[in-house]
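Novice: Curious how this folds, go ahead:
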Amino acid sequence: MKKALITGANKSIGLETARQLLRLGYYVYLGSRDLPNGQRAADQLRAEGLDQVEPLQLDVTDHASIAAARQALGQRTDVLDVLINNAGISGGMSQPPLGTDVQVIREVFETNVFGVVAVTQAFIDLLRAAPEPRIVNVTSGLGSLTLHHDPSWKYYAVKGAAYVPSKAALNAYTIMLAYELRDTPFKVNAVDPGYTATDFNHHSGPGSVEAAAARVVKAALLGPDGPTSQFFSDDNAPETGISPW
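Specialist: The predicted model follows:
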């Protein structure tokens, strides 16, 4: 049975991603900053008949928490097939570049960028033990620097100082990580789940969590001939699904 770890998995897209992987026969560890919330999410999934799941206390901004989670997971398994770096925060809206508190920007980067780096580094040894490891970094279509220079782009005016740069930085890290792992069985990709109705945006997005999670799962299931170092976004590129960086 393949095993997957999802950060920020106790609700929304993370929880739905777990549900879809469980239905595909994966064993899923639900990373959750708050363990009782993770336990409730696991209980919810078990009530649906999806019992190959357990919560894992994991605060991606806390190195001690990451180290403890790595140790705990290492006591349960020697192999991790899939890591989905899903945990993220927006920092609130709006975020004018000249008016956003630097501390807000730091906090967003701590979760959306440095948290991904820290978690990936902490669990890479378990991933290396898998025959076809997959790393999926959940990004945003707003992280495309190329499109931010295109006045015809529908999100052209969305120029937040914290969230957008954090996702652009996450995209850059994805490219660097994929390059380092280029001669291995790893597939490392960034996935934009689309503008989805979640607590994240006060349910203003038109997309469903089911559709968003399906995009994340698709990247987690890539076969040995699948792409790596890609920015998948159906929202930015409906025809190809590949967004410009």
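Novice: now Val209, nearest residue through space, not along the chain?
Specialist: Nearest non-adjacent residue to Val209, counting by CB to CB, 6 or more residues apart in numbering: Glu16, 4.4 Å away. C-beta: built from backbone N, CA, C; applies to glycine.
Novice: which residues does the one you found contact?
Specialist: By CB atoms under 8 Å, 6 or more residues apart in numbering, the residues touching Glu16 are 209-210, 212-213.
Novice: Please pick the buried ones from the residues you listed.
Specialist: Among those, the ones that count as buried by 16 or more other CB atoms under 10 Å are 209, 212-213.
Novice: Which single one of the residues you listed is nearest to Asp192?
Specialist: Among those, Ala212 lies closest to Asp192 (CB to CB), at 9.0 Å.
Novice: SS state for the nearest residue to that closest one once chain neighbours are set aside?
Specialist: Nearest residue to Ala212, sequence neighbours excluded (CB to CB, 6+ apart): Pro193, at 3.5 Å. For Pro193, the assignment made with DSSP: H, G, I helix; E, B strand; the rest coil gives coil.
Novice: Which one of the buried ones among the contacts of Glu16 is nearest to Leu73?
Specialist: Among these, Ala213 lies closest to Leu73 (CB to CB), at 21.9 Å.
Novice: The helix or strand hosting that closest one packs against which elements?
Specialist: For Ala213, the element it lies in under DSSP states H and E is helix 209-220. Contact partners of helix 209-220 among helices and strands, from 3 or more CB pairs under 8 Å, 6 or more residues apart in numbering; DSSP states H and E: helix 12-23, strand 82-85, strand 134-138, strand 187-191, strand 231-232.
Novice: re earlier: quick check: the residue nearest to Val209 vs Ala169, distance?
Specialist: Distance check for Glu16 against Ala169: by CB to CB, to the nearest Å, it reads 26 Å.
Novice: Which residue, neighbours along the chain excluded, lies closest to Gly8?
Specialist: Ala87 (3.1 Å).
Novice: So, low pLDDT: which residues of the chain?
Specialist: Residues of the chain that meet the criterion pLDDT under 70 lie in 201.
Novice: Repeat the analysis, applying 90 as the threshold.
Specialist: Applying pLDDT under 90 to the chain flags the ranges 93-94, 195-207.
Novice: tell me, what residue is most central in it?
Specialist: For the chain, the residue sitting closest to the mean C-alpha position, by CA atoms, centre = their mean, is Asn86 at 2.5 Å.
Novice: hey, where'd the helices end up in the chain?
Specialist: Counting by DSSP state H, the chain has helices at residues 12-23, 35-47, 63-74, 102-109, 115-128, 163-180, 209-220.
Novice: Report how many residues lie close to Ser166.
Specialist: Ser166 has 29 neighbouring residues, counting by other CB atoms under 10 Å.
Novice: from memory it sits against Arg106, does it?
Specialist: No. Applying CB atoms under 8 Å, one finds Ser166 not in contact with Arg106, separated by 10.2 Å.
Novice: ok, Val216 - contacts?
Specialist: Applying CB under 8 Å, 6+ apart to Val216 gives the contacts 13, 17, 84, 86, 136, 138, 191, 193.
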